[in-house]
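Trainee: pasting a predicted model and its sequence here:
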Amino acid sequence: MADLQDEPNAVFPAHTAHSAPAAHTAYTTDTVPVDPGSAGAEDLPAAVVGSALERAVALLSVHPVADGHNTLVWTLRQSPYHDIDTSDTGVDTDIPRLRAGGVGAQFWSLLVPREAEAADQVVSDTLEQIDVALSLMRRYPESLCLALTADAMADARNRGRIASFLGPVPGRTLTDSLGALRAFHALGVRILAPAGAPWARQELTPFGHEVVKEMNRLAMLVDLTGCVPEVACQLTGASKAPVIVSHTAAAALNPHPGNVSDEVLLALRAANGLAMVTFDPAQTGDSLHAVADHVEHVRAVAGPHCVGLGAAFGTEPGVPRPTGLTDPSGYPLLVAELLDRGWTETDLALLTWENAQRVLRDAEFTARAAQHRRPA
């Protein structure tokens, strides 16, 4: 199937999977929450609340957000009684808010919080999360669709579904087994995060190199999130396919341990990878303006083809969020802020959708070449 950029009249339905309004009319400004529980209009510049927001909504109807990180699966595993088909104050992510924010693809994180993890539990916890995620697809088939490829991502979006990718899974689950990696792939997982794995702590070990080669053969994405800079650069160099950082920010603006250095951003640029900027205020700051600053820094260093968005929503109430970005419905406000800063619609389309799809396509191209050379 053709990429979305080849279909300028494609639209993202605002409310239901069956609706198909014309391009640039899928939303009105009324669909973007500006009430006190979301993004208050009084907190935002007039230009953002006016024409810039209307332009942002129109752009997202054609080039929706491919969000790199959402922890809803872990949250639902702990509290399984949320109905995400309606707005639920018990979680910050549900289908109405994903649609209101123009989210067309979601990477569902299967990482296990370190504070909740026992050493012998990480594999079973990960498998249980895969089961929860697949149950979500079955429960909401009119809204969520499991995606395994870049074509499936475009197809789901064109049919009014939110393309759903499984991953990352923790690299710690592999121990010394490439068979475990292939088993995760067979279950639908397409992303793995090496951080914390014995083979990718201070340096990439020989087994780590084998993991990367097998991931390249399977078209699975390497997620550098949480890796120390030296290992992140080693992983980037070892992979024949582009690598990603599913939720991060710029260490040059905030030296948070989860943020990537300019050295890593330059390595991503050289490898055509993707750094996806989080909305975690500990990493970015507590305002929409601060998040936009990190997006702009990543674009300036890594390049416009290597920046994306990975908000890290999917939590229960009480988790701090930047003003205006308290849940997925705030995405149009960030896009409006970037428009107000002079971003072109072309660069915004790369940020929201096209860079993520390009990385997936590149990984699949690498896999086809590798499968001719390397058996399982």
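Mentor: On my side now, so go ahead.
Trainee: could you use CA atoms for every contact and neighbour count after this?
Mentor: Fine.
Trainee: count of neighbours near Ile84?
Mentor: 20 (other Cα atoms under 10 Å).
Trainee: now the nearest residue to it once chain neighbours are set aside, what are its backbone angles?
Mentor: In this structure, Ile84 finds its nearest non-sequential neighbour in Asp94, 4.4 Å apart by Cα to Cα, 6 or more residues apart in numbering. The phi/psi pair for Asp94 (degrees, to the nearest 10) reads phi -150, psi 170.
Trainee: quick one: residues contacting Asp94.
Mentor: Residues near Asp94 by Cα atoms under 8 Å, 6 or more residues apart in numbering: Asp83, Ile84, Asp85, Thr86, Ser87, Asp88.
Trainee: can you redo these as CSV with secondary structure, distance to Arg172 and pLDDT?
Mentor: Formatted as CSV, the contacts of Asp94 follow (DSSP: H, G, I helix; E, B strand; the rest coil; distance: Cα to Cα, whole Å; pLDDT from 0 to 100):
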residue, secondary structure, distance to Arg172, pLDDT
Asp83, coil, 31, 89
Ile84, coil, 30, 93
Asp85, coil, 33, 93
Thr86, coil, 35, 90
Ser87, coil, 35, 87
Asp88, coil, 33, 74
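Trainee: what is the mean pLDDT for stretch 136-144?
Mentor: Over the span of stretch 136-144, the pLDDT mean works out to 96.
Trainee: give the bridge partners for the closest residue in space to Cys306 that isn't next to it in sequence, please.
Mentor: Excluding its sequence neighbours, the residue lying closest to Cys306 (Cα to Cα, 6+ apart) is Leu274, at 4.3 Å. Beta bridges link Leu274 to Ile244 when assigned by DSSP bridges.
Trainee: quick test: name the residue nearest the centre of the protein.
Mentor: Nearest residue to the geometric centre of the chain (Cα atoms, centre = their mean): Gly68, 0.6 Å.
Trainee: and that residue, what helix or strand is that in?
Mentor: Using DSSP states H and E, Gly68 sits in strand 65-70.
Trainee: buried sites along that strand?
Mentor: Buried residues in strand 65-70, counted by 16 or more other Cα atoms under 10 Å: Val65, Ala66, Asp67, Gly68, His69, Asn70.
Trainee: contacts for the helix or strand containing Gln371 next, please.
Mentor: Using DSSP H and E, Gln371 maps to helix 355-373. For helix 355-373, contacts defined as Cα under 8 Å, 6+ apart pick out 66, 149-150, 153, 216-221, 240-243, 272-274, 305-308.
Trainee: ok, stretch 171-185 next?
Mentor: 122-123, 192-198, 207, 211, 214-215, 218, 220.
Trainee: just the buried members of those?
Mentor: 122-123, 192-198, 207, 211, 214-215, 218, 220.
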